[in-house]
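Undergrad: mind looking at a prediction? Sequence and model below.
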Amino acid sequence: MNYSLSQVPERTTQPRNSGLTMVMDKGLSLRETEDMLSTSSDYIDIVKLGWATSFVTPNVQDKLAIYKNANIPVYFGGTLFEAFVVRGQFEDYIRVLDKFGLEYAEVSDGSITLPHDEKCMYIKRLAERGKVLSEVGSKDAEKIFAPYKWIEMMQAELDAGAWKVIGEAREGGNIGLYRSSGEVRQGLVDEIIHAISAEKIIWEAPQKSQQVYFVKLVGTNVNLGNIAPNEIIPLETIRLGLRGDTFATF
Amino acid sequence: MNYSLSQVPERTTQPRNSGLTMVMDKGLSLRETEDMLSTSSDYIDIVKLGWATSFVTPNVQDKLAIYKNANIPVYFGGTLFEAFVVRGQFEDYIRVLDKFGLEYAEVSDGSITLPHDEKCMYIKRLAERGKVLSEVGSKDAEKIFAPYKWIEMMQAELDAGAWKVIGEAREGGNIGLYRSSGEVRQGLVDEIIHAISAEKIIWEAPQKSQQVYFVKLVGTNVNLGNIAPNEIIPLETIRLGLRGDTFATF
Amino acid sequence: MNYSLSQVPERTTQPRNSGLTMVMDKGLSLRETEDMLSTSSDYIDIVKLGWATSFVTPNVQDKLAIYKNANIPVYFGGTLFEAFVVRGQFEDYIRVLDKFGLEYAEVSDGSITLPHDEKCMYIKRLAERGKVLSEVGSKDAEKIFAPYKWIEMMQAELDAGAWKVIGEAREGGNIGLYRSSGEVRQGLVDEIIHAISAEKIIWEAPQKSQQVYFVKLVGTNVNLGNIAPNEIIPLETIRLGLRGDTFATF
């Protein structure tokens, strides 16, 4: 820190098990990646190459090398997993992960319909080779599950070997955990928190009001995801009670 | 591509006549321009220096050289054309285009009132020296034309020598083709598509929902414009059915 | 300018006393800072390191050196002042300002409750060591003051030695001077303009519609604040009547 302030809440430090910030990279150039790391590497715990952007982004190997050099794990967005699965190319997907040296993988069913047993089977299979983030919640605004369903699925996915479960929000923050306005489905969140250990959940929270909501509810060291590169520093101040929104919280 | 996926729709390749992505540069630095090209040059077909930003941006010559080196044509936004015309400086404008070596020029009447004959005369004149993009639709939310008027104007402008006609949306995507909420005027779009060849139209579509709408309606290789630099990679995944929004489309 | 256009309104030049653009830096990397200056240094009059972002941003000294080298003054956001004051560490705050060589300081009470006398005392104290920007308006949407209250406070803060007073909007532009929709509280603004000299006020106006509103109301050389780095060039065109929104204004 650049100067001393008393009574600032304590943050976990890397490698973090709670208080994780998961960043969404949707096509940064190599130099932009370096720029982000130069200001925020202490605050980034894991990076997602959003959905299937890795398919069309050149120099992915070079980008992965930059992240590796900064000791920040990277995974491909769940939509890519789904794109392989829906084409019957799951074995190819494992080869892709191996080729790129990715320890982490996401399993999701936001765009495809997957019997939950089958989803858990994919989690189990991928958990044998590395860490799995499994995502719950559809990208389809019409598919709304009751809270007990969310909890059942999350628990089953953790039992199947998932390292963390992710609550879906998309890049925009307007689905899954949220209404189309971006407002939090508070009843849903309360029930999940009651049932699942906080450190096992990553809440996708791309909008500031969503980040503020979770920091107030769960605390400084809540796990948050889908953070945009230029919102990492601002989020850190929210976690520490040093932005107006959480100023009076700690 | 970084790995193989079956059943991905076929994209046209550069130089494209359809499937164009027109990018809006509203003041990128030289290094930011290089960064954008390093990730996206294969997906950028033409760049617009938004409205009159070229008036106040330093190093425009250097920026044009970077684009030229990447074989990407550049043009100045139509508002600049209008700024010259309204001041009676049209001949000066041609000298500016010549000085900067710009083959492409935009003709529009989004901010000024121009009899349509006169607009077509400007198109004709500029088409003698290079390619013309002509834009239909006002920046004034109160000026709403009936679909048959849009079509008449677009056809007349193509007849006058325009290379492509552009459907107006502004940087925000909340005018012309769209309601102030950003929602597509679907009836208008349907009528235009029925009457004008798809490859002659560039749809300004800065918002993701607008891009998704046109990719679903026209297909992978629809011409889209006013794309922000950090949305080029995401748009490419939308075109290929590799983002949630168009996942089931192809 | 890259070419000549007649009848463009006259802008003040650096160092400006009116027509100021205050830019919000909420965590730019060193290279991003350089990029911004390479395109916009002529249009940036003062930079704010937003709220307490300076606490968590690495290399702040290096960043300050870059701004110093470009002759652009920098100050820390008012929330940081408040964070020190609420902890009874005001003397520490002065030492921080001295350590970083910052001539400018902001005094605000957006997140804390401060008797107005006390606020003016802080202004007086800091005005002895450098220039003070004092901010009026709460970050709390429920705290709404009548226009005469705004004017009284602004006048008292200028009397206490503030160099400029700032009308609060936050990064989002949805509080203080604005309704939660971002719409300007026009009655409030009209009364303030009537009572306080325009060159003494900096209006926070992060949204384009807000910038357009103030340029139309006050003129080309209105003081505007909380401008995002990639909106500096666009704002300059709005000031000059070279964007659709103010095209017919000058």
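TA: It's in.

Undergrad: name the nearest residue to residue A:137, ignoring sequence neighbours.
TA: Excluding the flanking residues, the one nearest residue A:137 by Cβ to Cβ, 6 or more residues apart in numbering or on different chains is residue A:168, at 2.8 Å. Bear in mind the C-beta positions are built from the backbone N, C-alpha and C, glycine included.

Undergrad: if I read this right, that neighbour contacts residue A:202, doesn't it?
TA: No - counting by Cβ atoms under 8 Å, residue A:202 is not a contact partner of residue A:168; they are 10.5 Å apart.

Undergrad: residue A:182: neighbour count?
TA: By other Cβ atoms under 10 Å in any protein chain shown, the residues close to residue A:182 number 17.

Undergrad: hmm, residue A:208 and it touching each other?
TA: No - using Cβ under 8 Å as the test, residue A:182 is too far from residue A:208 to be in contact (9.9 Å).

Undergrad: and stretch A:58-65, C-alpha only, in PDB?
TA: Taking Å, rounded to 0.1, in the frame of the first residue of the first chain, the C-alpha atoms of stretch A:58-65 are listed here in PDB:
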ATOM      1  CA  PRO A  58      -4.400 -14.800 -32.300                       C
ATOM      2  CA  ASN A  59      -1.400 -15.400 -30.100                       C
ATOM      3  CA  VAL A  60      -3.200 -17.300 -27.500                       C
ATOM      4  CA  GLN A  61      -0.100 -19.200 -26.600                       C
ATOM      5  CA  ASP A  62       1.800 -16.000 -26.100                       C
ATOM      6  CA  LYS A  63      -0.900 -14.600 -23.900                       C
ATOM      7  CA  LEU A  64      -1.000 -17.800 -21.800                       C
ATOM      8  CA  ALA A  65       2.700 -17.500 -21.300                       C
END
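
Undergrad: quick one: residues in contact with it.
TA: Stretch A:58-65 has contacts (Cβ atoms under 8 Å, 6 or more residues apart in numbering or on different chains) with A:25, A:28, A:30, A:33, A:49, A:54, A:57, A:74, A:100-102, B:2, B:38-39, B:42.

Undergrad: sorry, back to before: show me the contacts for the residue nearest to residue A:137.
TA: Applying Cβ under 8 Å, 6+ apart, the residues contacting residue A:168 are A:108, A:110, A:135-139, A:175-177, A:204.

Undergrad: give me the pLDDT for it.
TA: pLDDT recorded at residue A:168 is 90.

Undergrad: returning to that earlier point: wait, which of the contacts of residue A:168 is closest to residue B:21?
TA: Proximity of the contacts of residue A:168 to residue B:21 was ranked by Cβ to Cβ; the top entry is residue A:139 with 23.6 Å.

Undergrad: and the helices in chain A?
TA: In chain A, the helices defined using DSSP state H lie at A:30-40, A:53-56, A:60-69, A:78-86, A:90-99, A:116-127, A:147-159, A:186-195, A:208-218, A:232-239.

Undergrad: looking at those helices, which is nearest to residue B:228?
TA: Of the helices of chain A, nearest to residue B:228 by Cβ to Cβ is helix A:30-40, at 14.1 Å.

Undergrad: quick check: residues of chain A near chain B?
TA: By Cβ under 8 Å from any Cβ of the partner chain, the residues of chain A that approach chain B are A:26-32, A:50-60, A:79-80, A:82-84, A:87, A:89, A:92, A:96, A:99-100, A:110-112, A:139, A:170, A:172.

Undergrad: ok, how many other residues are close to the one residue in chain A that gets nearest to chain C?
TA: Chain C sits closest to residue A:233 of chain A, with a gap of 3.1 Å, by Cβ to the nearest Cβ. Neighbour count for residue A:233, taken as other Cβ under 10 Å: 24.

Undergrad: same question for residue A:96.
TA: 21.

Undergrad: was I right about it contacting residue B:3?
TA: Yes - contact status for residue A:96 versus residue B:3: in contact at 4.7 Å, counting by Cβ under 8 Å.

Undergrad: roughly how far apart are residue A:187 and residue A:198?
TA: Distance, residue A:187 to residue A:198, by Cβ to Cβ, to the nearest Å: 17 Å.

Undergrad: quick check: bridge partners of the spatially most central residue of chain A?
TA: Nearest to the mean C-alpha position of chain A, by Cα atoms, centre = their mean, lies residue A:225 at 3.8 Å. As for beta bridges, residue A:225 partners with residue A:204 under DSSP bridges.

Undergrad: surely it meets residue A:211?
TA: No - between residue A:225 and residue A:211 there is no contact under Cβ under 8 Å: 10.2 Å.

Undergrad: give me the common contacts of the two.
TA: residue A:205.

Undergrad: of all the contacts of residue A:168, which two lie farthest apart?
TA: By the measure Cβ to Cβ, A:108 and A:177 form the most distant pair in these, at 14.0 Å.

Undergrad: with adjacent residues omitted, what lies nearest to the residue of chain A found nearest chain B?
TA: Here chain A gets closest to chain B at one residue, residue A:27, 3.1 Å apart by Cβ to the nearest Cβ. Using Cβ to Cβ, 6+ apart and skipping residues adjacent in sequence, the residue nearest residue A:27 is residue B:233, 3.1 Å away.

Undergrad: with residue A:209 instead?
TA: residue A:182 (6.8 Å).

Undergrad: give me every residue that touches the one you found.
TA: A:172-174, A:207, A:209-210.

Undergrad: identify the residue nearest residue A:67 in space, chain neighbours excluded?
TA: Nearest to residue A:67 is residue A:74, by Cβ to Cβ, 6+ apart, at 4.9 Å.

Undergrad: correct me, but that neighbour touches residue A:106?
TA: No - the pair residue A:74 and residue A:106 does not pass the contact test of Cβ under 8 Å, sitting 11.0 Å apart.

Undergrad: mutual contacts of the two, please.
TA: By Cβ under 8 Å, 6+ apart, residue A:74 and residue A:106 have these common neighbours: residue A:48.

Undergrad: ok, how many other residues are close to the spatially closest residue to residue A:236 that is not a sequence neighbour?
TA: Residue nearest to residue A:236 in three dimensions, not counting chain neighbours: residue C:56, with 4.5 Å by Cβ to Cβ, 6+ apart. Residues within reach of residue C:56, counting by other Cβ under 10 Å, total 24.

Undergrad: for residue C:56, give its distance to residue B:82.
TA: Using Cβ to Cβ, we find residue C:56 at a distance of 45 Å from residue B:82.

Undergrad: swap in residue A:46?
TA: Using Cβ to Cβ, residue A:46 is found at 48 Å from residue B:82.

Undergrad: can you tell me how far the residue of chain A closest to chain B is from residue B:40?
TA: Residue A:27 is 7 Å from residue B:40, by Cβ to Cβ.
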